[in-house]
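Chemist: Sequence first, then the predicted structure:
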Amino acid sequence: MVAVSIAAWPALAEKYLMLPHGGSVGRNYGPVIVAPRKLDPANARVGVPGEGTTCAVLVGLYAPTAKRVLVPSAPMERAFAALQNNEVDACALIHEGRLTYRQRGFELIQDLGVWWQQRRNLPLPLGGNVIRRALGDDTIRRASQMLRASIEYALSHRDEALDELATYLTREQADQYLRLYANEDTLDYGEDGRRAMQILYPTPPKPICSRARPSNFPFEVGILGGTAASERLGSLRSPRYLGSSSGLRM
């Protein structure tokens, strides 16, 4: 089991199943494009945290003519340094970067989650947990149940979790971070979250590097209760309905 960006999942879906919980969904928020000053990102150099990230895909959809530049976001200081050293004109920030950019003196150009919500009227699927299909239904079921129970416990003991959270964020910032990325959507993406996953890649933007994209993968999300959300995308082959065909309960 591993946490992945939703954008990376299509390349993994042949061997990995997306679990129905453990992910993050942005409801009118998401990665933010920031810069030292207001600018039009259309012809700018825009830093992104990685080619196979939802953030990079969104930048490509929002500003298709921008030059996307790989700027690692771990640690987040790397992204801020790229802006300060003029390595990029703007940078798309994820995670805690969206909470701290203002105190570093940067301007908001666009919240990509707001843009996506306005464009699609759907939440923005950001990341999820996948598990290897070869483990088999029984192991996947047990792992899924344990993960859900762990999330439920954490959500019901939120103050304790904040007390144990070792971070350079203030407690107020850490609290805001958890509200954004560890909430009821972490227990289940919701039907609208699943629909958003299904339409996020109708026309994938041009890759940053000349790297082939997968052209044939099953698109499915395991759902609590033994069904699966699947969608045929363009010329992709019809997916396997793991939940309904195998009786899998998660």
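Modeler: Received the coordinates, thanks. Residues are numbered from 1 along each chain as shown.

Chemist: From the chain's centre, how far out is stretch 1-12? Work that out for me.
Modeler: In this view, stretch 1-12 has its centroid 9 Å away from the chain centroid, taken as CA atoms, centre = their mean, to the nearest Å.

Chemist: scratch that, stretch 24-44
Modeler: On the basis of CA atoms, centre = their mean, stretch 24-44 is displaced by 15 Å from the centre of the chain it belongs to.

Chemist: Run through the residues that contact His95.
Modeler: Ser73, Met76, Tyr177, Tyr181 (CB atoms under 8 Å, 6 or more residues apart in numbering). (Each C-beta comes from the backbone N, C-alpha and C, glycine too.)

Chemist: tell me the pLDDT at the second one?
Modeler: Met76 is assigned a pLDDT of 82 by the prediction.

Chemist: Tell me how far it lies from Phe106.
Modeler: Per CB to CB, to the nearest Å, Met76 is found 12 Å from Phe106.

Chemist: before we move on, back to that, how about the contacts of His95 in a markdown table, adding neighbour count?
Modeler: Below are these laid out as a markdown table (neighbours: other CB atoms under 10 Å):
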| residue | neighbour count |
| --- | --- |
| Ser73 | 24 |
| Met76 | 21 |
| Tyr177 | 18 |
| Tyr181 | 19 |
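
Chemist: report the longest helix in the chain, please.
Modeler: Taking DSSP state H as the criterion, the chain has its longest helix at helix 137-156.

Chemist: moving C-terminal of the helix or strand harbouring Ala79, what's the next helix or strand?
Modeler: Here Ala79, judged by DSSP states H and E, is contained in helix 77-84. On the C-terminal side of helix 77-84, the closest following helix or strand by DSSP H and E is strand 90-93.

Chemist: so how far is that following strand from its chain's centroid?
Modeler: Taking mean C-alpha positions (CA atoms, centre = their mean), strand 90-93 and its chain are 15 Å apart.

Chemist: I'd guessed Gly128 sits against Leu19; true?
Modeler: Yes - judged on CB atoms under 8 Å, Gly128 makes contact with Leu19 at a distance of 7.0 Å.
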